[in-house]
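Colleague: coords below, sequence missing:
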């Protein structure tokens, strides 16, 4: 990988540790303010929860559109915009344009960054040309505030937050072997974390920490291979040795297949400043055909807890050893502090996984606290044993060569995918956007060729048992879940998968978007529908909220696409195309077409333009 291209003067080597602590404290304080949404998930807990209650279950019916912004880009718009100090930062899918607009007059673009990148990246993107968001670094005495972004062609870019000028650019991934970037960067102290995509092309996954000021690499940790490259601490999994400890990144693979073994991470991160641990999930092994890679295939499909400064792993819990179904475990990690069933106060991590299990771990050492089915129709696994952490598989729904496995639930899309969900600390409830999709699976053999798809399975997908399989509707759910009791307080069905996730507030309202183009608000206690609005296009991002000049706003991206929208955006008709998604979402084009932008709402549509009609007006000089 080529070194960073520095656009600013070289920085002095000393004095970074104090600056790191200061920058981290500043970001934490910014995240506490209702005026800001400074990172994906709102704060380091990644709980998508806002303490605001100006908009509540009694008045949410009065929400009206306040203003909107078009990115001018089609395809899927995932993630959320950021809001910092009165400026909204907006991103798009490829070509990964970034905009800054002032909330006092959001009709005027302060700056925009339109990178030039190789169109080859589009050809090796697995599931649409999406991007999941931006990151913000608040700056210090040496360097001003930065916006961090990823590009589909594998580059990480730092922009001056005030001007949009490029400060540095670093090549993280090589598109010639199929490694792309769709992940939202994640800032911790004076570092920015970036994952990788491309397991469907045999890419070996890794997470990299870069110096946020210069782009210089701090460390890189792989999901497979030798312990020193996976970066396992001396006391790795000491609290749970049955999870496995040393040497397994090689011994659980046949020969050198670990070099093309997948385990990419393109999902979400969380961070505990007191533990100084970052949390994320590694994805599916490659290829999908399990016959071609005997063994547990560690450390794919793993929840990681790593030291933020060194990258050394304190624990790793593999949820689906020897994955047979593409249950890539990169989903959201939400942090909470709750009493367990024995009344002990614990620091927890809750993770709804693609495999249809929602896991809760003690985030200090990785101990498994609970593992419950996201829906009672999950059938590949009977239960997860808490003492071993191992899933008890149902062999009827396993996959093998020369066999068509039928009615596996969930499908490869998972009962949960990239959606970023939310947690209400007062109600002790997680609100989860769920897929309800099952599949038939037939594997086949194929050779590895760099830069080409390395899957080895043909899939047919359709609604789960609670959906309408004849009409291909009922592909999604929204649920309220208690991680301690394992019970669901309420659940509702949706026409299509709730791909983007949820956001909840102290006002007792849960917000989310739908693929057929609605933003909806439900009562957090009952699940009753309180309000909805038809957007110009389907939604695969999640809502966010901020306060400006005393008014609370709700914002959400619209722009159908992503894996469920590949048939629509690429005009595909073969039901097995798009890794099986085309067949599952064959009705989507009847409800949504492509678009791309941000829609913002407030009570009665209050905005800078309703408060002062002259805002945004032009008047001749003199």
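Modeller: Perfect, thanks for sending it. Everything quoted here is computed from the prediction, not taken from an experiment.
Colleague: quick one: the strands in the stretch 251-400 of the chain, in order.
Modeller: For the stretch 251-400 of the chain, applying DSSP state E, counting those that start in this stretch gives strands covering 270-272, 277-281, 302-307, 313-318, 334-339, 345-352, 357-362, 368-373, 381-384, 391-393.
Colleague: for the third one, which strands pair with it and how are they oriented?
Modeller: Translated: strand 302-307. Partner strands and pairing direction for strand 302-307 (DSSP bridges) are strand 277-281 (antiparallel), strand 313-318 (antiparallel).
Colleague: and for the longest one?
Modeller: The strands beside strand 345-352 in its sheet (DSSP bridges) come out as strand 334-339 (antiparallel), strand 357-362 (antiparallel).
Colleague: thinking again about what came up before, tell me which of the strands paired with strand 302-307 is the most buried.
Modeller: Mean neighbours per residue, mean count of other CB atoms under 10 Å, is largest over these for strand 277-281, with a mean of 26. Using the backbone N, CA and C atoms, a C-beta is placed for each residue, glycine as well.
Colleague: any chance you could list what contacts that strand?
Modeller: When contacts are defined by CB atoms under 8 Å, 6 or more residues apart in numbering, strand 277-281 is touched by residues 186, 188, 193, 195, 207, 265, 267-272, 301-308, 314, 329-331, 333, 335, 349, 351, 353, 363-364.
Colleague: quick one: that strand to chain centroid distance?
Modeller: When C-alpha coordinates are averaged (CA atoms, centre = their mean, to the nearest Å), strand 277-281 and its chain have centres 13 Å apart.
Colleague: and for stretch 427-436?
Modeller: On the basis of CA atoms, centre = their mean, stretch 427-436 sits 15 Å off its chain's mean C-alpha point.
Colleague: quick one: average pLDDT of that stretch?
Modeller: For stretch 427-436, mean pLDDT rounds to 98.
Colleague: likewise stretch 231-246?
Modeller: Computed over stretch 231-246, the average pLDDT equals 98.
Colleague: for it, buried residues please.
Modeller: The neighbour-count check on stretch 231-246 (16 or more other CB atoms under 10 Å) flags 231, 232, 233, 236, 237, 240, 243, 244 as buried.
Colleague: next, the nearest residue to the first one once chain neighbours are set aside: secondary structure please.
Modeller: Once flanking residues are discounted, residue 231 sits nearest to residue 221: 4.1 Å by CB to CB, 6 or more residues apart in numbering. Under DSSP: H, G, I helix; E, B strand; the rest coil, residue 221 falls in the strand class.
Colleague: give me the low-pLDDT residue ranges for the protein?
Modeller: Screening the chain residue by residue with the criterion pLDDT under 70, one finds the ranges 1-23.
Colleague: just the helices in it please.
Modeller: Assigned by DSSP state H, the chain shows helices spanning 16-32, 120-124, 227-230, 248-251, 566-570, 581-584, 608-611.
Colleague: the third one - contacts with which helices or strands?
Modeller: Packing partners of helix 227-230 (3 or more CB pairs under 8 Å, 6 or more residues apart in numbering; DSSP states H and E): strand 217-222, helix 248-251.
Colleague: what does the shortest one rub up against?
Modeller: Counting by CB under 8 Å, 6+ apart, helix 248-251 makes contact with 222-227, 229-230, 258, 295-296, 298-299, all of which sit outside it.
Colleague: buried set for that helix?
Modeller: By neighbour count, and taking 16+ other CB under 10 Å as the criterion, the buried residues in helix 248-251 are 248, 249, 250.
Colleague: in a markdown table: these, plus distance to residue 441.
Modeller: Below are the buried residues of helix 248-251 laid out as a markdown table (distance: CB to CB, whole Å):
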| residue | distance to residue 441 |
| --- | --- |
| 248 | 26 |
| 249 | 27 |
| 250 | 28 |
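Colleague: OK, contacts around the residue nearest to residue 231?
Modeller: Contacts here follow CB under 8 Å, 6+ apart; on that basis residue 221 touches 206, 207, 208, 229, 230, 231, 306, 311, 313.
Colleague: ok, the last one touching residue 304?
Modeller: Yes: under the criterion of CB atoms under 8 Å, residue 313 makes contact with residue 304 at 5.8 Å.
Colleague: what sits in contact with each of those two?
Modeller: Where contact means CB under 8 Å, 6+ apart, no residue is in contact with each of residue 313 and residue 304.
Colleague: mind listing what the closest residue in space to residue 406 that isn't next to it in sequence touches?
Modeller: When the adjacent residues along the chain are set aside, residue 406 lies closest to residue 440, with 4.9 Å between them (CB to CB, 6+ apart). Contacts for residue 440 (CB under 8 Å, 6+ apart) come out as 404, 405, 406, 407, 408, 459, 460.
Colleague: likewise residue 282?
Modeller: Neighbour list for residue 282: 205, 223, 263, 264, 265, 299, 300, 301, 302, 304, 329, 330 [criterion: CB under 8 Å, 6+ apart].
Colleague: give me the distance between it and residue 211.
Modeller: The span separating residue 282 from residue 211 equals 23 Å under the rule CB to CB, to the nearest Å.
Colleague: same check, this time on residue 100
Modeller: 24 Å.
Colleague: out of the two, which sits in the more crowded spot?
Modeller: Neighbours were tallied for residue 100 and for residue 211 using other CB atoms under 10 Å; the higher tally belongs to residue 100 (21 against 18).
Colleague: and the closest residue to that one other than its chain neighbours, how many neighbours does it have?
Modeller: Once its chain neighbours are removed from consideration, residue 100 has its nearest residue in residue 110; the separation is 4.4 Å (CB to CB, 6+ apart). Look at residue 110: counted by other CB under 10 Å, it has 16 neighbours.
Colleague: isn't residue 110 right next to residue 98, touching?
Modeller: No: in this structure, residue 110 sits apart from residue 98 without contact. The criterion is CB under 8 Å, and the distance is 11.1 Å.
Colleague: now do the shared contacts for those two.
Modeller: Where contact means CB under 8 Å, 6+ apart, the residues bridging residue 110 and residue 98 through contact with each are residue 164.
Colleague: what about stretch 184-197, start to end distance?
Modeller: End-to-end distance for stretch 184-197: 12 Å, by CA to CA, to the nearest Å.
Colleague: name all residues that make contact with the closest residue to residue 151 other than its chain neighbours.
Modeller: Spatial nearest neighbour of residue 151, chain neighbours left out: residue 96 (4.7 Å); criterion: CB to CB, 6+ apart. The contact partners of residue 96, by CB under 8 Å, 6+ apart, come to 115, 117, 131, 149, 150, 151, 152.
Colleague: out of the residues you listed, who has the most neighbours?
Modeller: Counting neighbours by other CB under 10 Å, residue 150 leads these with 30 neighbours.
Colleague: follow-up on the earlier one: save the strands paired with strand 345-352 as a markdown table, and put in distance to residue 601 too.
Modeller: Rendered in a markdown table, the data for these read as follows (distance: least, CB to CB, whole Å):
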| stretch | distance to residue 601 |
| --- | --- |
| strand 334-339 | 24 |
| strand 357-362 | 30 |
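Colleague: wait, which of the ones you listed is closest to residue 531?
Modeller: With distances scored as CB to CB, the stretch of the strands paired with strand 345-352 nearest to residue 531 is strand 334-339 (24.6 Å).
Colleague: my guess is residue 109 meets residue 98, correct?
Modeller: No: counting by CB under 8 Å, no contact exists between residue 109 and residue 98, whose distance comes to 10.6 Å.
Colleague: who has more neighbours out of those two?
Modeller: When neighbours are counted by other CB under 10 Å, residue 109 and residue 98 differ, and residue 98 comes out ahead with 21 against 13.
Colleague: what's the separation between the residue nearest to residue 406 and residue 341?
Modeller: 38 Å.
Colleague: which of the contacts of residue 440 are buried? Put it as a ChimeraX command.
Modeller: The ChimeraX command for the buried members of the contacts of residue 440 (criterion: 16+ other CB under 10 Å) is given here:
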select :405,408,459,460
